[in-house]
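**Student:** below is the sequence, then the predicted model.
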Amino acid sequence: MKAQILGLAVLAACGGDGSQAPGPDAPPMIDAGPGPADDIGLQAGPPLPSGQWLLVNRWAPAPDAVLALDPADLGGPARTVLTANRVWSMGASADGRTILFSSHDPMRETQFGLTLLDSIQNSFAFDTAARTVALLAPAGSAWANVNDECLQPSADAAYVYLCRRYDFTAQGSFLGWRLGRIRVADGSFEFLRPDAPGGPFELTVQELPGATHVLFELRARPPETGSSLYTRELSTGTEVVVRANARRPILAPDGHRVLFADATDQSRLKTFDLQAPGDPAVPVSTTVGAGDAAWSPDGQTIVYSVFDQAQSCDHLERVTWSGTAWSAPARVRDCAQTGEVITSLAWVTIP
């Protein structure tokens, strides 16, 4: 997702690529500050009415927010679901009951000695019915030296899957992204793959139907290049490459089609089917450099963001399946009018 790409850009600007191991000045793993849920400045908007909504993680204009757009009027007014000091890497349950996001520690320099703005970003869950927020960690936990991204709930809401950067140092280096999951019931955390210092970055993890496998991306650690999509059987650790030269997989509601950015074609969006991964990919959009995307609940429409370099903001475009091909992209929200920077999308249906 764009969250991960921007994260790499920030590190490059600071002179690090995450490949260094933490030195003796590595910050502590936890701080002694107040409860994190009280630190993020969350303000909850009115509950959303029942029906379908496209949730948008807006990074600008300030403050950071989760907005809700009517899929029938994506260029129209947005409802504010929540705002906070930082809202990053948003995910949501299909019924819209839970919105997941990471948010940063405003006291990171005091507590951890870190000046990099988004180095400390822990995971939170917002209950849209109760309009309350909770840290996804064991009860009583303080901020931890982790940076969570690509948050996605399991189908049964028992887990939150994520990719975690960890052990930031004062120089801006970190050990890399690793796949993991948080058990919602008690906040406990586990990594899903063995530690591989110096190995590829583990990104964009999603549970597959049946909850026995996950889909994810392995991206080469700079200066190496390349990325591929894999499935992993959770009980055995068996991994299978399902698509080479692909990034940012997004599973369709049918559980087997996968939207991805083609690394060989200027990150244009395409799909393939996990039931026939060797078949040619289906082109989705001619737009170059598409960002995050969301499937409609019926799997017939895809909405995605497009960064406008000249205006430093994100448009939204939409394509629709005709039965044989995807329609030409239509711009449905123009950031020349909104000024919005959009980092994540999720399409939900509220009962």
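**Tutor:** On my side now, so go ahead.

**Student:** ok, residue 269 - contacts?
**Tutor:** 259-262, 283-285, 287, 290, 293, 302, 304 (Cβ atoms under 8 Å, 6 or more residues apart in numbering). From N, CA and C alone the C-beta is placed, and that goes for glycine too.

**Student:** turn the residues you listed into JSON lines, columns for pLDDT.
**Tutor:** Formatted as JSON lines, the contacts of residue 269 follow (pLDDT from 0 to 100):
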{"residue": "259", "pLDDT": "98"}
{"residue": "260", "pLDDT": "98"}
{"residue": "261", "pLDDT": "97"}
{"residue": "262", "pLDDT": "97"}
{"residue": "283", "pLDDT": "98"}
{"residue": "284", "pLDDT": "98"}
{"residue": "285", "pLDDT": "98"}
{"residue": "287", "pLDDT": "97"}
{"residue": "290", "pLDDT": "95"}
{"residue": "293", "pLDDT": "98"}
{"residue": "302", "pLDDT": "98"}
{"residue": "304", "pLDDT": "98"}
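
**Student:** and those, which are buried?
**Tutor:** Burial by neighbour count, judged by 16 or more other Cβ atoms under 10 Å, picks out 259-262, 284-285, 287, 290, 293, 302, 304 from those.

**Student:** what would those residues look like in a markdown table with secondary structure?
**Tutor:** Shown next, in a markdown table, are the buried ones among the contacts of residue 269 (DSSP: H, G, I helix; E, B strand; the rest coil):
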| residue | secondary structure |
| --- | --- |
| 259 | strand |
| 260 | strand |
| 261 | strand |
| 262 | strand |
| 284 | coil |
| 285 | coil |
| 287 | coil |
| 290 | strand |
| 293 | strand |
| 302 | strand |
| 304 | strand |
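
**Student:** looking at those, spot the one nearest residue 93.
**Tutor:** residue 293 (17.9 Å; Cβ to Cβ).

**Student:** who's the closest one bridged to?
**Tutor:** Under DSSP bridges, the beta-bridge partners of residue 293 are residue 304.

**Student:** isn't it right up against residue 252?
**Tutor:** No. Applying Cβ atoms under 8 Å, one finds residue 293 not in contact with residue 252, separated by 10.7 Å.

**Student:** what do these two both touch?
**Tutor:** Each of residue 259 lies in contact with both residue 293 and residue 252 under the rule Cβ under 8 Å, 6+ apart.
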